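Novice: Let me see the structure of the following:
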Amino acid sequence: MPDKNSLQVRPIAAYDDNYIWLLSDSHCAVVVDPGDAEPVIAYLKEHQLSLEAILITHHHADHVGGIADLLTWAKASGQHLPTVYGPAGEDIPGVTDALMQGDSLHLQKPACLLWVLDVPGHTAGHIAYFMDAGDDKHLFCGDTLFASGCGRLFEGTPAQMVASLEKLKQLPEETFVHCAHEYTLSNIKFALAVEPHNQDLLDWKSRAEALRQVGKPTIPTTIAHEKLVNPFLRCDFSPVINAVHRHTPLKRKDPVDVFAAMRAWKDIFK
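Specialist: Here you go, the predicted model:
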């Protein structure tokens with residue numbers, strides 16, 4: 001049984017398919033991308049946790065919508081106001097501390113150290129948080145990297161997203177990937193259209209379906225796992241390049257062109 005004072009990482013379900021990540025010891029908590037305050041407050045009350053900090057990856061409403069209500073609740077319940085961290089490149093109401101690539105967070109309650117990564121693409125100023133907790137390593141990547149997929153390009157360019165995903169690929173392979181949405185089954189469906197003979201992907205499809213059938217999350221996965229099954233991390237693999245080229249003839253087959261064509265394919269995929 002884990003030490004009750006050790007750091008725990010848990011998903012809190014919100015809306016139809018969002019996950020709000022909660023880091024906690026036995027007394028204090030940090031939440032990542034609280035789009036909805038209600039389920040977070042319910043969890044904090046049930047487990048008698050004080051909210052020490054809020055970490056934001058990007059400005060979309062389903063990631064920031066609960067900030068104001070969480071601050072109001074903390075004040076009304078007699079707690080000190082949590083610090084709200086977010087990307088320096090985006091204007092997000094409620095953020096008190098702006099972060100960018102190279103910054104680090106030394107949080108005392110709960111005790112953890114996180115490094116900030118700039119990962120633009122989904123939005124222009126998107127950031128991610130990497131936490132090395134000794135034996136366990138964790139990535140909180142918002143909507144940049146998903147299980148078997150990646151985020152749409154609402155503000156960034158294919159080149160930016162490829163660079164962002166490459167940055168995440170360089171993290172330790174055992175790093176747990178905590179993305180913000182339960183999109184896994186639909187992402188796997190597209191991934192199999194790209195690589196129908198990828199045995200790792202076929203095996204993953206079976207495991208993911210079994211998890212969802214009993215109401216369990218399919219995440220976190222790991223960086224090592226994503227390298228095997230996520231086509232957006234495999235733009236330099238011949239089977240992926242050839243599949244994309246068959247769907248959308250490519251003038252060039254460098255990773256950015258392959259990614260751009262594959263992302264456009266995914267955007268209209270049924």
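
Novice: Please enumerate the helices of this protein.
Specialist: For the chain, the helices identified by DSSP state H occupy 37-47, 61-64, 67-76, 158-169, 184-194, 199-213, 223-229, 238-247, 255-268, in order along the chain.

Novice: Need the mean per-residue confidence for the third one.
Specialist: When you say that, I think you mean helix 67-76. Averaging pLDDT along helix 67-76 gives 96.

Novice: Surely Leu171 touches Phe130?
Specialist: Yes. At 6.3 Å, Leu171 and Phe130 qualify as touching, with contact defined as Cβ atoms under 8 Å. (C-beta placed from N, C-alpha, C; glycine too.)

Novice: Spit out the residues that contact those two alike.
Specialist: Common neighbours of Leu171 and Phe130 are listed as Lys137, Leu139 (criterion: Cβ atoms under 8 Å, 6 or more residues apart in numbering).

Novice: got the contact list for the closest residue to Gly156 other than its chain neighbours?
Specialist: Nearest residue to Gly156, sequence neighbours excluded (Cβ to Cβ, 6 or more residues apart in numbering): Gly121, at 3.8 Å. Applying Cβ under 8 Å, 6+ apart to Gly121 gives the contacts Thr144, Cys150, Gly151, Leu153, Gly156, Thr157, Pro158, Gln160, Met161, Ser164, Leu165.

Novice: Tell me the pLDDT of the last one.
Specialist: This points to Leu165. At Leu165, pLDDT is 98.

Novice: so how far is Ser26 from it?
Specialist: Relative to Ser26, Leu165 is positioned 36 Å away (criterion: Cβ to Cβ, to the nearest Å).

Novice: quick one on the thing from earlier: got TSV for the helices of the chain, with distance to Trp21 and mean neighbour count too?
Specialist: Putting these into TSV (distance: least, Cβ to Cβ, whole Å; neighbours: other Cβ atoms under 10 Å) gives the following:
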stretch	distance to Trp21	mean neighbour count
helix 37-47	10	16
helix 61-64	11	19
helix 67-76	14	16
helix 158-169	16	19
helix 184-194	16	20
helix 199-213	18	14
helix 223-229	17	19
helix 238-247	29	16
helix 255-268	24	19
